[in-house]
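just need the structure, nothing else, for what follows:
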Amino acid sequence: MNKDTFKAGLLTSINAPLLPFYISALISQGIRDLYVICDSKIESEKDLNIWFERTGGAFERVDGGNVSIYHLESLMIPFYFVTSHNHDSTLNIIENRKIKCLLNAGTPRKLSESVIQATEHGVVNVHPGILPEYRGCTAVEWAILNDDKVGNTAHFMVEDYDSGPIIASEWYEFPSDADYRSIRVRVYRDGCILAGKAMRVISEKRITKKDAIIQDESRAKYWNPIPENKMKKVFEKLNSGNYKYQSL
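Residues are numbered from 1 along each chain as shown. Coordinates of the predicted model:
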């Protein structure tokens with residue numbers, strides 16, 4: 001095999017909801033030499049409940065593009081199971097399989113510096129929010145409340161969450177009748193697609209963190225989880241069609 005073959009590793013857990021969609025996105029962008037590394041820690045009941053509240057089960061009702069979790073064996077994508085993504089066994093897999101770049105496809109861990117630095121092209125993450133202005137786990141909700149753009153940002157991971165150099169970002173407009181769940185589903189779905197595009201750019205141009213856009217810390221803001229009373233206002237705003245980017 002050509003030593004320059006671009007090998008991509010996906011850091012995930014076996015029940016990560018978007019895993020099949022990330023795989024589909026990578027394959028659709030021509031990246032087929034894939035290695036799935038599953039952490040033993042699975043999505044908690046609490047996290048899965050939050051996922052369902054945000055998506056209403058939309059991803060369970062559709063096929064992940066051209067692949068579902070049940071068809072992975074036919075694609076000959078190897079799965080590796082490790083105690084933790086931060087364990088030495090992960091580093092051994094990366095080294096032995098000569099993986100060039102990693103994608104966060106649902107890791108349950110805060111990655112160690114050794115894993116972040118383990119590959120030539122680093123670890124790619126897609127954040128559901130426009131960076132650096134919207135860091136945090138409820139960036140979509142805060143952006144709607146503030147009448148700001150909702151979108152995704154593909155970036156290289158560093159030790160601090162949502163702070164790494166930016167590869168690409170995009171924002172979306174929504175139909176006038178869009179509700180909260182349809183917006184969240186769009187962001188998740190297009191985030192997987194953006195991940196595939198970002199990995200293709202990395203594979204073709206062989207870019208690394210030094211080639212990406214450093215985030216402007218003077219514009220950066222971390223948003224805490226949105227409280228219930230604010231979330232109620234998000235629903236009200238969307239249900240009345242008053243969100244600025246709810247205009248198609």
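
drop to CA atoms for contacts and neighbour counts, all remaining ones
Fine.

for the protein, which helix is longest?
helix 180-205 (DSSP state H).

mind listing residues that contact the helix or strand that contains A143?
Here A143 sits within helix 139-145, counting by DSSP states H and E. Contacts with helix 139-145, where a contact means Cα atoms under 8 Å, 6 or more residues apart in numbering, come from 128-130, 134, 149-151, 184, 223, 226, 230-231, 233-234, 237, 243.

so how many other residues sit close to the spatially closest residue to I14 that is not a sequence neighbour?
Among residues not flanking I14 along the chain, C38 sits closest, at 6.0 Å (Cα to Cα, 6 or more residues apart in numbering). C38 has 26 neighbours, counted by other Cα atoms under 10 Å.

next structured bit after the helix or strand of the chain with the lowest mean pLDDT?
Sorting the helices and strands of the chain by mean pLDDT, DSSP states H and E puts helix 45-55 at the bottom, at a mean of 89. On the C-terminal side of helix 45-55, the closest following helix or strand by DSSP H and E is strand 79-82.

buried residues, stretch 89-104. List them.
T90, L91, I93, I94, K98, I99, K100, C101, L102, L103, N104 (16 or more other Cα atoms under 10 Å).

if the residue sitting nearest the centre point of the chain is in a bridge, with which residues?
When Cα atoms, centre = their mean is applied to the chain, the residue found nearest the centroid is V126 (3.6 Å). Taking DSSP bridges as the rule, V126 bridges to A154.

what about V234, neighbour count?
22.

tell me which element it falls in.
Using DSSP H and E, V234 falls within helix 228-239.

ok, back up a step: show me what the helix or strand harbouring the residue nearest to I14 packs onto, helices and strands only.
Secondary structure from DSSP H and E places C38 in strand 34-39. The contact analysis (3 or more Cα pairs under 8 Å, 6 or more residues apart in numbering; DSSP states H and E) places strand 34-39 against strand 8-13, strand 79-82.

need the winner for burial among those strands.
strand 8-13 (a mean of 25; mean count of other Cα atoms under 10 Å).

name the helices or strands packed onto that strand?
strand 34-39, strand 101-104.

hmm, back to that, check the offset of the longest helix of the chain from the chain's centre.
Distance of helix 180-205 from its chain centroid, counting by Cα atoms, centre = their mean, to the nearest Å, is 7 Å.

try stretch 130-137
Counting by Cα atoms, centre = their mean, stretch 130-137 comes out at 13 Å from the chain centroid.

tell me the contacts of I77?
Counted by Cα under 8 Å, 6+ apart, I77 has contacts D33, L34, Y35, V36.

likewise A105?
Residues in contact with A105, defined by Cα under 8 Å, 6+ apart, are L10, L11, T12, A16, L18, L19, Y22, N125.

sec struct for the fourth one, please.
Under the three-state scheme (DSSP: H, G, I helix; E, B strand; the rest coil), the conformation of A16 reads as coil.

distance of it relative to M231?
A16 sits 25 Å away from M231, going by Cα to Cα, to the nearest Å.

same check, this time on the third one
Taking Cα to Cα as the measure, T12 falls 29 Å from M231.

what do you get for the first one?
When Cα to Cα is applied, the distance between L10 and M231 equals 32 Å.
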